[in-house]
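[1] no letters, just coordinates:
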């Protein structure tokens, strides 16, 4: 997953969605759903807490629950019919083709909204803002990025973490020992063993590692993020009527406060069926976007 340098003002600068001057034409996706009585929803198998397989043949997660509200809105547009909802496993390499071919009607997984991806996909309003964070050992006495000078920092091999470290304003001129790991768990093991004093991962990954650690109080996440990235649902680019319906549904949930309550169930409560509590409060960026939704990409 790529992360991008993004200021708060840049992410919030997208105009809030309002009344569309011209009503979109009939949705080809809704027409197909009505003909086949089937709605195909994409999900990621191991993208906790956004979407994940629950081990019982079902799918759960924050964005999956938001998607179920969209499902109800779609069914309301096709009254008098039984619509079967079919989960479909999707991924970055197959998403665009599956949407274009009709194998998938809406991808409920967490997809980074980038200007490059917008050439192939349509994005809903932002449902989450992911951040690249620095997880540190408390005994390393690192309270801000500048304190990493002279420290060993581990990032995932092939990720953008090291690049962001080298360009972070708080680390200009700093000397770091760069380590790499194959997985977040391997990187956290280096942190636990004292071979590194900091680990660069996403906010959700950091929360997951801490939730599963026996000694979570020995670590902390620095307040300053290295980068931000908006996540959203995706759909076919040539179906503005479907996008309008999805955005209206999500915006309604956001402004009513229901989206915030759904967030608390997945980020601040134990994840079902027996998952950890991430104890991850909503960030200021997402809080602002729930009040003024937009589909701004980076």
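    Perfect, I can see it now. Not measured: the values here are computed from a predicted model. Numbering: from 1, shown residues only.

[2] ok, residue 166 - how many residues close by?
    12 (other CB atoms under 10 Å). All C-beta atoms are positioned from the backbone trio N, CA, C, and that covers glycine.

[3] neighbours around the residue nearest to residue 222 when sequence neighbours are not counted, how many?
    Nearest non-adjacent residue to residue 222, counting by CB to CB, 6 or more residues apart in numbering: residue 134, 4.5 Å away. Neighbour count for residue 134, taken as other CB under 10 Å: 29.

[4] one more: residue 218?
    13.

[5] measure the residue nearest to residue 222 to residue 48 for me?
    According to CB to CB, to the nearest Å, residue 134 and residue 48 sit 21 Å apart.

[6] and the residue of the chain positioned farthest from its centre, how far is that from residue 145?
    Within the chain, the residue lying farthest from the chain centre (CA atoms, centre = their mean) is residue 80, at 34.5 Å. Shown here: residue 80 relative to residue 145, a distance of 58 Å by CB to CB.

[7] now residue 27
    For residue 27 relative to residue 145 (CB to CB), the value is 47 Å.

[8] hmm, back to that, may I have the secondary structure class of the residue nearest to residue 222?
    strand (DSSP: H, G, I helix; E, B strand; the rest coil).

[9] hmm, it is touching residue 226, no?
    Yes - Residue 134 lies in contact with residue 226 (CB atoms under 8 Å); the separation is 6.8 Å.

[10] overlap in contacts, these two.
    Any residue near both residue 134 and residue 226 by CB atoms under 8 Å, 6 or more residues apart in numbering counts here, and that gives residue 200.

[11] now do the helices in this structure.
    Assigned by DSSP state H, the chain shows helices spanning 8-12, 28-36, 62-77, 95-101, 161-167, 184-192, 203-212, 240-256, 258-267, 284-291.

[12] reformat the ones you listed as JSON lines; add mean pLDDT.
    Output for the helices of the chain, formatted as JSON lines (pLDDT from 0 to 100):
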{"stretch": "helix 8-12", "mean pLDDT": "58"}
{"stretch": "helix 28-36", "mean pLDDT": "95"}
{"stretch": "helix 62-77", "mean pLDDT": "97"}
{"stretch": "helix 95-101", "mean pLDDT": "93"}
{"stretch": "helix 161-167", "mean pLDDT": "80"}
{"stretch": "helix 184-192", "mean pLDDT": "96"}
{"stretch": "helix 203-212", "mean pLDDT": "96"}
{"stretch": "helix 240-256", "mean pLDDT": "97"}
{"stretch": "helix 258-267", "mean pLDDT": "98"}
{"stretch": "helix 284-291", "mean pLDDT": "96"}
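
[13] mind checking which of those helices is nearest residue 119?
    When the helices of the chain are compared by CB to CB, helix 95-101 sits nearest residue 119, at 9.5 Å.

[14] can you name every helix or strand that the closest one contacts?
    strand 38-43, strand 106-112, strand 121-123, strand 227-236 (3 or more CB pairs under 8 Å, 6 or more residues apart in numbering; DSSP states H and E).

[15] averaged pLDDT, the third one. What do you get?
    Translated: strand 121-123. In this model, strand 121-123 carries a mean pLDDT of 97.

[16] tell me the strands beside it, with direction?
    Strand 121-123 sits in its sheet next to strand 227-236 (antiparallel), going by DSSP bridges.

[17] among the helices and strands packed on helix 95-101, which is the most enclosed?
    Across the helices and strands packed on helix 95-101, averaging neighbours per residue (mean count of other CB atoms under 10 Å) puts strand 106-112 on top, at a mean of 26.

[18] if we can go back for a sec, dump the helices of the chain into a markdown table; add distance to residue 123 as well.
    Compiled in a markdown table, the helices of the chain are given as follows (distance: least, CB to CB, whole Å):
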| stretch | distance to residue 123 |
| --- | --- |
| helix 8-12 | 13 |
| helix 28-36 | 15 |
| helix 62-77 | 13 |
| helix 95-101 | 12 |
| helix 161-167 | 23 |
| helix 184-192 | 26 |
| helix 203-212 | 19 |
| helix 240-256 | 8 |
| helix 258-267 | 16 |
| helix 284-291 | 13 |
